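Asks: Next comes the sequence, and after it the predicted model I'd like to discuss.
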Amino acid sequence: MAASIENATLSPLLDTVDILNETNSTQKQPFVARTDGMLLSYSFLVLAALLCVYFGSYRSIIRKIKQQTSGEKPDVLTAKDAAMFPFIASGFLFGIYLVILLVSKEYITFVLNIYFFLIGIIALFRAIQPALSKIRFPALDKLRERQFHVKLSENQASNSDDIMHVDFKFDLVDVVALFGCILVGVWYLLKRHWIANNIFGIAFSINAIEILHFNKVFNGCILLGGLFIYDIFWVFGTNVMITVAKSFDAPIKLIFPQDLIENGIFAANKFAMLGLGDIVVPGAFIALMLRYDMTRKPSSTRYFSVSFVAYIIALFITILILQIFKHGQPALLYIVPLCLGFPLLTALICKDWTTMFAYEDHPSATEVVEKKKE
């Protein structure tokens, strides 16, 4: 989160809250945000992050139930995956840094623009489609009467069994929604407007929190602990993260202009920002706490609520430290200890420690059989 330069961005693995002030030939003094502009921008970023975590967490429960009902094999993050991720992320970040040094920025930007245009449309459609399906209006119901069904299959001439089978079912409301998502994508591609950026960023965050399942609390602790060290090292130990942050313009952060009041919605260009990593990583752990809550007897949202409050406190602490030191801060430095410490301490006090660490989103078939025998 930062008072930042025009077009300053974060990379996909940058979860740093950063201040970047730029001067030019006509303005030698760094931009200083007004108090009302600062409060407006930080309020938006905090509220947007909280909404992403809240809706992403509850959507993760729906996804889990659908997987269990359909028998779909879930993709879960194992302890080994969690331990390796910070190293993979570091290699990816340093690779981007080398590409920046060796390849023209224009080529990199072109490739990224096309990539995020395509996946942004998909992510946005996937984020809004469940909500649209629940809206009931006569006009929409009439559009839903127009049903479409597309089947794609591949088989060999000697064998009628399908090698690949894809089955699409959709209605006219889905077509209209997809067209709207494409318009947002075109708007972002042509204008790079901060509102279009935020629409895609929120869609990415909600989808990522819904899909990313740690499976076990232990796995989540390993990943958050590793990224805690990762964040500190790449922010304070090197200039790699800041260099990458200044080089890309992509919707992998939420931004809000601090000069909105002075310059208006289209001319504002001094942004506060929050990397999506600061939303998705703690958000996925908070979603795990909610899924664990749903298995407790009696069911409650104790650990989800505790983790959610911890995340709110961590965001405000990050903003406070940012304003005191006027220097880019690794947000996970404050988010990880609170989002891990609050629920774990609560489990220790409430004597739920053993059941919390024994919980699994998707237990293996062997473990399911053993539990039934017990």
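Replies: Received, thanks.

Asks: Let's verify Leu254: helix, strand, or coil?
Replies: strand (DSSP: H, G, I helix; E, B strand; the rest coil).

Asks: Spit out the contact partners of Phe228.
Replies: By Cβ atoms under 8 Å, 6 or more residues apart in numbering, Phe228 lies in contact with Leu332, Leu333, Val336, Pro337. In short, each C-beta sits where N, CA and C put it, glycine included.

Asks: need the contact list for the second one.
Replies: With contact set as Cβ under 8 Å, 6+ apart, Leu333 has these partners: Phe228, Asp231, Ile232.

Asks: if we can go back for a sec, Produce a ChimeraX select command limited to the buried residues of the contacts of Phe228.
Replies: Buried residues among these (16 or more other Cβ atoms under 10 Å), as a ChimeraX selection:
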select :332,333,336
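
Asks: out of the contacts of Phe228, which one sits closest to Leu320?
Replies: Using Cβ to Cβ, Leu333 comes nearest to Leu320 of these, at 12.9 Å.

Asks: coming back round to it: in JSON lines: the contacts of Phe228, plus distance to Ala287 and pLDDT.
Replies: Shown next, in JSON lines, are these (distance: Cβ to Cβ, whole Å; pLDDT from 0 to 100):
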{"residue": "Leu332", "distance to Ala287": "17", "pLDDT": "89"}
{"residue": "Leu333", "distance to Ala287": "22", "pLDDT": "90"}
{"residue": "Val336", "distance to Ala287": "16", "pLDDT": "95"}
{"residue": "Pro337", "distance to Ala287": "19", "pLDDT": "95"}
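
Asks: which among the contacts of Phe228 gets closest to Lys80?
Replies: Distances from Lys80 to the contacts of Phe228, taken by Cβ to Cβ, are shortest for Val336, at 20.0 Å.

Asks: what about that closest one, distance to Phe170?
Replies: 40 Å (Cβ to Cβ, to the nearest Å).

Asks: Equivalent analysis for His362, please.
Replies: Counting by Cβ to Cβ, the gap from His362 to Phe170 is 28 Å.

Asks: what do you get for Gly185?
Replies: 18 Å.

Asks: Kindly report the same for Leu260.
Replies: Counting by Cβ to Cβ, the gap from Leu260 to Phe170 is 38 Å.

Asks: Out of the two, name the residue with the larger neighbour count.
Replies: Counted by other Cβ atoms under 10 Å, Leu260 and Phe170 do not tie: Leu260 has more neighbours, with 20 against 15.

Asks: Wait, the more buried one touches Leu40, no?
Replies: Yes. Taking Cβ atoms under 8 Å as the definition, Leu260 is a contact partner of Leu40 at 6.6 Å.

Asks: secondary structure class for Ala215?
Replies: To be clear, residue 215 is Asn; Ala isn't right here. Going by three-state DSSP: Asn215 is coil.

Asks: How many residues are close by it?
Replies: Using other Cβ under 10 Å: Asn215 sits among 22 other residues.

Asks: got the contact list for it?
Replies: Val76, Leu77, Thr78, Glu360, Asp361, His362.

Asks: Mind doing that once more with 6 Å?
Replies: Neighbouring residues of Asn215 by Cβ atoms under 6 Å, 6 or more residues apart in numbering: Val76, Glu360, Asp361.

Asks: Please apply the same query to Phe357.
Replies: Contacts of Phe357 by Cβ under 6 Å, 6+ apart are Val217, Phe218.

Asks: try 10 Å
Replies: By Cβ atoms under 10 Å, 6 or more residues apart in numbering, the contact list for Phe357 reads Lys216, Val217, Phe218, Cys221, Leu344, Ala347.

Asks: With distance to Phe55 added, can I get those in TSV?
Replies: Listed next are the contacts of Phe357 as TSV, based on distance: Cβ to Cβ, whole Å:
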residue	distance to Phe55
Lys216	23
Val217	22
Phe218	26
Cys221	24
Leu344	25
Ala347	25
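
Asks: what residues are shared contacts of Leu260 and Leu40?
Replies: With contacts defined as Cβ under 10 Å, 6+ apart, the residues shared by Leu260 and Leu40 are Arg34.

Asks: those helices in the stretch 201-350 of the chain, which residues are they?
Replies: Using DSSP state H, counting those that start in this stretch, the helices of the stretch 201-350 of the chain run over 217-232, 240-247, 260-267, 277-293, 302-325, 332-349.

Asks: Check the stretch 1-150 of the chain too.
Replies: 35-70, 79-102, 105-134, 138-144.

Asks: Serialize these to CSV and add fields for mean pLDDT.
Replies: Formatted as CSV, these follow (pLDDT from 0 to 100):
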stretch, mean pLDDT
helix 35-70, 92
helix 79-102, 90
helix 105-134, 88
helix 138-144, 76
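
Asks: Packed most tightly, which of these would that be?
Replies: Greatest average neighbour count among the helices of the stretch 1-150 of the chain goes to helix 35-70 (a mean of 17), per mean count of other Cβ atoms under 10 Å.

Asks: Just give me how far it sits from the chain centre.
Replies: 9 Å (Cα atoms, centre = their mean, to the nearest Å).

Asks: cool, and stretch 64-73?
Replies: Offset of stretch 64-73 from its chain centre (Cα atoms, centre = their mean): 23 Å.
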